[in-house]
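Trainee: Here's my sequence, what's the structure:
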Amino acid sequence: MNEPARVGLVGAHGHGSSYFDRLDRLAADGLARLVAVADPRPPGVLATRLSGASWHGSLPELLADPRARPDVVVLATPVHTHTELAVAAMRAGCDVLLEKPPTPSLAQYQEVLSAARETGRICQVGFQTFGSEAIEAVRRIVADGEIGTVTGLGAVGTWVRTTGYWARASWAGRRRLEGRDVVDGVVTNPLAHAVATALLVAGATRLDQVTQVETDLYRANDIEADDTSSGVVTIEDDLRLGFGLTLCAARRTPALVVVRGTGGTLRLAYESDTVEVDGLGGTRSLTFGRVDLLADLLAARGPGRRPCCPVDDTAAFMRVLEAVREAGEPAPIGPDHVRWEGEGEDRHPVVAEVEAWCERAATRGETFSTLGAPWAR
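Mentor: Alright, predicted model coming up:
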């Protein structure tokens, strides 16, 4: 039998802590073993989760310890650290699971992509929806003509984020930090899955498949980045993908990818892997499973296996991220269009009728500005 893969986790607090349960399940199946953790903060309550794994202050320190040498490195660190860490891990001979978004700029993405190609190591990006069986099901439904000829796609997400969310880290809600790109806005981080999944459904993974990106960025919070944004991505053959995304809704609703056709509409609720079809054959709802991307990476280390979300397949998304990075500062939404709810760290803004405007942007393939949203510039 093969030995379990030796895994190093970099970034153990915050979202990184979710990997302990995933690694426990993989260890129970004999697939992986956590051997080392790197985080500049002490373990604290996480000390009980280490199961003998060593704790290090940084990835270089971890890689320098021969007893901690991993086969696979999981990077659950702030996005502005991704490039340096991913390249270092691959050049040290490790396969990498890199949390989304891959990098904060297209130039840095090319550095990671080059390192993966030069070293021959796997670099899997943590877009969990790429492991969903719903993606292939949507493609089959469209190919079978159930909604007629596709006329456009959309991505809509109406979520809530509190002031505590933006205060949790120095990089949260920043476009740049200490001279480095961060680009931590609604399009590129919290609801990045919406845009990336819509592009995947459309079959757009390469840079040259995206011909144009128009962005329309706003903020209701006192942050640098956008928390309410729309945009239009033009894909080859002039297919348009519109998105309307906000973190300033009255309540959180399931994020959707919408495929519009001459004979109906398909909606993919990607968080639950649920597909609703209203087409030529009637209305139906289907639910699918998904593959855990860390388990998938471990399987892809064997011969003849391709990971679900290799870094190569996120190029089209990075084209959208780059457009957001290069756009001007998000426009503040006037106080007349915002009400505040909650107290303390739970306080959050609600933009007037933002849910309806996000839906229109996604279904019509237009921006808030061209649609005439009252708070748009």
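Trainee: Tell me which helix or strand comes right after the host helix or strand of Glu355.
Mentor: In the assignment (DSSP states H and E), Glu355 maps to helix 354-364. Downstream of helix 354-364, the first helix or strand assigned by DSSP H and E is helix 368-371.
Trainee: could you say what helices and strands that next one packs with?
Mentor: For helix 368-371, the elements it packs on are strand 210-219, strand 228-235, helix 354-364, judged by 3 or more Cβ pairs under 8 Å, 6 or more residues apart in numbering; DSSP states H and E. In short, each C-beta sits where N, CA and C put it, glycine included.
Trainee: Can you redo those as CSV, where the extra columns are distance to Thr188?
Mentor: Shown next, in CSV, are those (distance: least, Cβ to Cβ, whole Å):
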stretch, distance to Thr188
strand 210-219, 10
strand 228-235, 10
helix 354-364, 16
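Trainee: can you count the residues close to Glu3?
Mentor: Burial measure for Glu3: 8 neighbouring residues, criterion other Cβ atoms under 10 Å.
Trainee: correction: Arg41
Mentor: Around Arg41 there are 11 residues (other Cβ under 10 Å).
Trainee: Let me see the backbone angles for it.
Mentor: Main-chain dihedrals, Arg41, degrees, to the nearest 10: phi -90, psi 150.
Trainee: In contact with the nearest residue to it once chain neighbours are set aside, which residues?
Mentor: The shortest distance from Arg41 to any non-neighbouring residue, by Cβ to Cβ, 6 or more residues apart in numbering, is to His13 (5.9 Å). Residues near His13 by Cβ atoms under 8 Å, 6 or more residues apart in numbering: Asp39, Arg41, Leu46.
Trainee: so how far is the first residue of stretch 33-48 from its last?
Mentor: Separation of the first and last residues of stretch 33-48 by Cα to Cα, to the nearest Å is 15 Å.
Trainee: Looking at the helices and strands packed on helix 368-371, which is nearest to Glu345?
Mentor: Glu345 sits nearest to strand 210-219 of all the helices and strands packed on helix 368-371, at 18.6 Å, using Cβ to Cβ.
Trainee: For the closest one, buried residues please.
Mentor: Val210, Val213, Glu214, Thr215, Asp216, Leu217, Tyr218, Arg219 (16 or more other Cβ atoms under 10 Å).
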